[in-house]
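Peer 1: just a sequence and a predicted model for now, questions to come.
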Amino acid sequence: MSSHPITIGVFVLYLAILLVIGFISSKQAKGGINDFFLAGRNLNKWTVALSAVSSGRSAWLILGLTGTAYATGLNAVWAIAGYITVEIFLFFFVARRFRKYSEKYDSITVPDILATRYNDKNNLLRLVSSLIIIFFMVAYVGSQVVAGSTAFSSSLGVSPGVGMGMTALIILIYVMLGGFHAVSKTDVLQCGFMFGALIILPILAIINLGGFGPILDTLHSQGGGFTSPFAFTVGAIGGLLGIGLGSPGNPHIIVRYMSLKNLKEMKQAALIASFWNVLMGWGAIFIGLAGRAMFPDISMLPNENQEAIFSSVGNEILDPFTMGILLVAILASIMSSADSQLLVGASAIVRDIYDRIIGKGKEISQKQLVFYSRVSTVVLMSLSVLLAISAQEFVFWMVLFAFGGLGACFGPALLLTFYWKGTTKHGVFWGMIVGLITVILVKQQPAWTFAFLPDIQALFSNILFGITYEAVPGFLMSLIVTVVISKFTQKPINADEVVEDLSY
Amino acid sequence: MTLGILFALVVMPVSILAVSIFCYIIQTKLDKKSNEIMQNQQASQINQDEKQVGGAK
């Protein structure tokens, strides 16, 4: 990639805008932790919709999915069909319950929701769920920082270490200053760059190739798998669709729903988000397919890396200025996820562990809590950078692991929390634990466990028609365990009233 | 263009968008219904209050 002066200029301008947003938002984030972590539930439908989608996608969409479409052709559509469909139902039907419940019971985090719903007096649910969130958010942010360092080093020519430091510092400054206000506003800005990258670029690529005909010719010349979305096995397709099971349990997506100002606008926000999700997803597919027509052999890509197809297509057809904007889009997609994840991790530390568990019963001023929230973002970012330094090669592996892990832990728990009166604290607790363990065992079973456990991945693969993506068995096991244990334990006294109240 | 290409690049995204529009319509109807229920509840509450006030007089 280039380090053209114009590219550097675009980069610097973008980073400066982020910092300005951080400074402006810092004035709005002084109202307490409700303001710092949820923007005081005062966001409009556009901000919530665009922010929910962009924070959920990360660099995987621009680099990973375009690369998958380049490598596997039309089979890549299954990777987006699952999560987009799940998020449609989530946004239209479940999101309003999150919003209603969180306002009524003053919940600003996922552990908050679970603790209030299940009368968690000994803080067991709160502690376990907070620790799970912090663990995954550190891994998540770490992986985003690695991706950010690649974007910086390839576009500005700086070393990966400096790139990592720049990514971490910029995110940290505006998150620390403006909290959720800054994160949501920068998400909208970042959406603009992603629009350019995922909508404009494929259109330009198709025009440059002389229409869709050459792409079709290339797909046909690559063989049947490229022109048929059914070339994969049932298990492989099921696994790709199963990516969607991560969405209901990822706190950095869910908290967006809780920040909408007017509940009546939720369905409009859902519609905006759905269209945006479809446009971005299929835009990425078209980039991969057009890339195949431009670079029919993977040896034509830098380091024979399929994930370089996005920048290779850009370099092929764009001038340095537009290419600079495109590179910003990669960084924007990384930052829009990392900032949200950092904030969610910090909210678990301050709201749940410090305010509710350690400081239980004590009166802590909102000013003090906001200060601790800012300190927590620094601590979490430092931890994430340490992890990023020690595990760079696993960047996308970690993202998929975190997405599926959180989905299995919190997805069934939260859905049942809002829809089933019979859900109990013990059911949710054991569901989360079993979901997490299942994801870990299916993803990478430790060698020592084979002494007393069978091959868990093979076991589930046999049961689930060849599906090996860990979120699917993790989600199912968590759901089953939550329901079964809830059947045999006592539900909260006010459960009927709470769930019925949410249905209106 | 083969059926596979048509399915993956046209039918699938259009279907997903159609589902989201369908969900929008469903949610609009649900909103309307819950508004009616709320209004009925409020009206019956007002009636009850009026009866209680009348009885007290």
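Peer 2: Arrived safely.
Peer 1: what mean pLDDT does the helix or strand harbouring B:Thr28 have?
Peer 2: According to DSSP states H and E, B:Thr28 maps onto helix B:12-56. Averaging the model's pLDDT scores along helix B:12-56 yields 88.
Peer 1: check the offset of the helix or strand hosting A:Leu271 from the chain's centre.
Peer 2: Counting by DSSP H and E, the element that carries A:Leu271 is helix A:266-294. Distance of helix A:266-294 from the chain centroid (C-alpha atoms, centre = their mean, to the nearest Å) equals 16 Å.
Peer 1: quick check: next helix or strand after that helix?
Peer 2: Downstream of helix A:266-294, the first helix or strand assigned by DSSP H and E is helix A:309-317.
Peer 1: just the buried positions in the following helix or strand past that next one, please.
Peer 2: Counting by DSSP H and E, the element after helix A:309-317 in chain order, helix or strand, is helix A:320-347. In terms of neighbour count (16 or more other C-beta atoms under 10 Å in any protein chain shown), helix A:320-347 has its buried residues at A:320, A:322-347. For glycine as for every other residue, the C-beta is placed from the backbone atoms N, C-alpha and C.
Peer 1: thinking again about what came up before, any bit of the helix holding B:Thr28 sitting next to chain A?
Peer 2: Yes. Against chain A, helix B:12-56 shows contacts by C-beta under 8 Å from any C-beta of the partner chain at B:12-13, B:16-17, B:19-21, B:23-24, B:26-28, B:31, B:34, B:37-38.
Peer 1: where do the helices sit along the stretch 151-300 of chain A?
Peer 2: For the stretch 151-300 of chain A, helices defined by DSSP state H, counting those that start in this stretch occupy the ranges A:160-195, A:201-209, A:213-222, A:224-227, A:234-241, A:251-258, A:266-294.
Peer 1: dump the residue contacts of the residue nearest the centre of chain A.
Peer 2: Residue closest to the mean C-alpha point of chain A, counted by C-alpha atoms, centre = their mean, is A:Gly56 at 3.2 Å. By C-beta atoms under 8 Å, 6 or more residues apart in numbering or on different chains, the residues touching A:Gly56 are A:Tyr83, A:Glu87, A:Ser247, A:Asn250, A:His252, A:Ile253, A:Ser337.
Peer 1: element containing it?
Peer 2: For A:Gly56, the host element (DSSP H and E) is helix A:45-59.
Peer 1: my guess is A:Cys191 contacts A:Leu50, does it?
Peer 2: Yes. Contact criterion C-beta atoms under 8 Å: A:Cys191 and A:Leu50 qualify, at 4.5 Å.
Peer 1: mutual contacts of the two, please.
Peer 2: Residues within reach of A:Cys191 and of A:Leu50 at once, by C-beta under 8 Å, 6+ apart, are A:Trp276.
Peer 1: from A:Thr424, how far off is the residue lying closest to A:Val434 once chain neighbours are set aside?
Peer 2: With C-beta to C-beta, 6 or more residues apart in numbering or on different chains as the criterion, A:Val434 has its nearest non-adjacent residue at 4.4 Å, and that residue is A:Val481. Going from A:Val481 to A:Thr424 by C-beta to C-beta, to the nearest Å gives 12 Å.
Peer 1: swap in A:Gly211?
Peer 2: Distance check for A:Gly211 against A:Thr424: by C-beta to C-beta, it reads 59 Å.
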